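S.K.: Got a sequence here, can you build the structure:
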Amino acid sequence: MWYQEGILRVSKRPLRYLLAGVLIALSCFATAQEYPSRLIRIVVAFPPGGSTDIYARIIANELQVAWGKSVIVENRPGGTGVIGTQAVRQSPPDGYTLLFTSNTGHVLGPLLQDPRPFDAVADFTPISKALRFPLYLIVHPSIPTRSLTEFIAFARSKPGQLNYASSGQGGYSHLTAELFNAAAGIKAIHVPYKGAAPALQAVLTGEAHYLFNNIGTSQAFVIAGKLRGFAVTGEKRSPAVPDIPAIAEAGIRGLENAYTWLGLFGPAQLSPAVLGKLSTEVIRIMRLPDIAKRVLNDGYEVVASTPAQFTRDMQAEVATWSRVIREHGIKAE
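M.R.: Okay, here's the model as predicted:
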């Protein structure tokens, strides 16, 4: 406000801004109230049957129950996740086409390509990181060691004589092993396989000496004595295998944030109201007792992060793996 010729006048500009803000808030509220009004598609950028597909369907079913609207999962594999991911990227940001994916396809995949097909953070709206799991260092019993420290000492004493399997060139198991080998001072030969199953089989037969794999498919073989489990990545022990130490406990740093995760995204510029409604529901769903129990039984850990935390985590992850890829000269197959 200001004074002119002794008359008190009130500026209309702040009032105009206030009214605009009220209209925006009402519009967002209306959008949130209306959403969803029709079928929602959750695109999975991988084939049916894997962890990404299974948990996408669990979330889709719970959303359908909560909202009374059809929620379907559509598998669009190909290009290490690029085909399905691009389909969501190019969709309207209205909340009716979503992406459920892993950091293998969403973060690592584009980092290995030049030019990058998409930006993992800027080209999408992170909704919630649903769950994560550490990678499990498993070793063939022919290696005469019984602990992580013994294994590191043994591997150091035989530079270039051990080999490690991975699910593929540039995949998460490959980059995690590269990070571990560098931090532990180990020189070993990389043998990439076409998927996690043949990589695991290679270690079971002794064709490969060690592998970073998930707990769910590895622990049964450890219990049976067909493999030895020495450590997990991450900042702490996994509740799925509480007797197995984290790698950091041996003084090996740099793998505290080496997790595989599964999360939900929308296209860039998703409405804040729709984003809030989706993230609230996913967080609620992942914390349901039956689902939390299933996650634990599968060897995973519920995260249920907010959009802001999910964004920060991905930014840090992109920086870490970009450095590993650059320093080790890793290229896509």
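S.K.: make it CA atoms for all contacts and neighbour counts henceforth
M.R.: Will do.
S.K.: got a pLDDT number for Arg323?
M.R.: pLDDT recorded at Arg323 is 87.
S.K.: Against Leu108, how distant is it?
M.R.: According to Cα to Cα, to the nearest Å, Arg323 and Leu108 sit 12 Å apart.
S.K.: higher neighbour count, the two?
M.R.: Leu108 (22 against 12; other Cα atoms under 10 Å).
S.K.: wait, what's in contact with the more buried one?
M.R.: By Cα atoms under 8 Å, 6 or more residues apart in numbering, the contact list for Leu108 reads 170-172, 318, 321.
S.K.: ok, and the most crowded of these?
M.R.: Tyr172 (25 neighbours).
S.K.: State the distance from it to Phe265.
M.R.: 20 Å.
S.K.: again with Arg326
M.R.: Per Cα to Cα, Arg326 is found 27 Å from Phe265.
S.K.: Name the residue in those two with the higher neighbour count.
M.R.: A direct count of neighbours by other Cα under 10 Å for Arg326 and Phe265 places Phe265 higher, at 29 against 12.
S.K.: quick check, that one in a strand?
M.R.: Yes: per DSSP: H, G, I helix; E, B strand; the rest coil, Phe265 lies within a strand segment.
S.K.: Could you give the bridge partners of it?
M.R.: Leu99, Pro126 (DSSP bridges).
S.K.: Now the phi/psi pair for Phe212, please.
M.R.: Taking degrees, to the nearest 10, you get phi -100, psi 110 for the backbone angles of Phe212.
S.K.: residue contacts, it?
M.R.: Taking Cα under 8 Å, 6+ apart, one finds 135-138, 165-166, 173-174, 176-177 in contact with Phe212.
S.K.: Out of those, give me the one that has the most neighbours.
M.R.: Of all the contacts of Phe212, Ser166 has the most neighbours under the rule other Cα under 10 Å, reaching 31 neighbours.
S.K.: Beta-bridge partners for that one, please?
M.R.: Applying DSSP bridges to Ser166 gives these bridge partners: Pro192.
S.K.: if I read this right, it contacts Glu178, doesn't it?
M.R.: No: the pair Ser166 / Glu178 is not scored as a contact, 10.4 Å apart, by Cα atoms under 8 Å.
S.K.: could you say what helices and strands the helix or strand Gly276 falls within packs with?
M.R.: If you go by DSSP states H and E, Gly276 is part of helix 272-286. Other helices and strands packing on helix 272-286, by 3 or more Cα pairs under 8 Å, 6 or more residues apart in numbering; DSSP states H and E, are helix 13-34, helix 51-67, strand 124-134.
S.K.: Starting from the last one, tell me the next helix or strand along the chain.
M.R.: By that I understand strand 124-134. Using DSSP H and E, the helix or strand that follows strand 124-134 in sequence is strand 136-139.
S.K.: what lines up beside that next one in the sheet?
M.R.: In the sheet, strand 136-139 lines up against strand 210-213 (antiparallel), strand 228-232 (antiparallel) (DSSP bridges).
S.K.: what about that strand, distance to the chain center?
M.R.: Put simply, strand 136-139 sits 20 Å off its chain's centre (Cα atoms, centre = their mean, to the nearest Å).
S.K.: which residues are in contact with it?
M.R.: Outside strand 136-139, the residues touching it (Cα under 8 Å, 6+ apart) are 203, 209-215, 218, 227-233.
S.K.: Hmm, which of those residues is lowest in pLDDT?
M.R.: Asn214 (87).
S.K.: Report whether the expected contact of it with Arg132 is present.
M.R.: No: using Cα under 8 Å, Asn214 is not in contact with Arg132, being 10.5 Å away.
S.K.: what's the domain layout of the protein?
M.R.: As given by automatic domain parsing, the domain ranges for the chain are 38-133+259-328, 136-250.
S.K.: where in the chain is pLDDT low?
M.R.: Along the chain, segments meeting pLDDT under 70 span 1-32, 332-333.
S.K.: which residue sits closest to the most centrally placed residue in it in space, ignoring its chain neighbours?
M.R.: Among the residues of the chain, the one closest to the centroid is Trp261, at 2.6 Å (Cα atoms, centre = their mean). Of all residues not flanking Trp261 in the chain, Arg132 sits nearest, at 4.0 Å (Cα to Cα, 6 or more residues apart in numbering).
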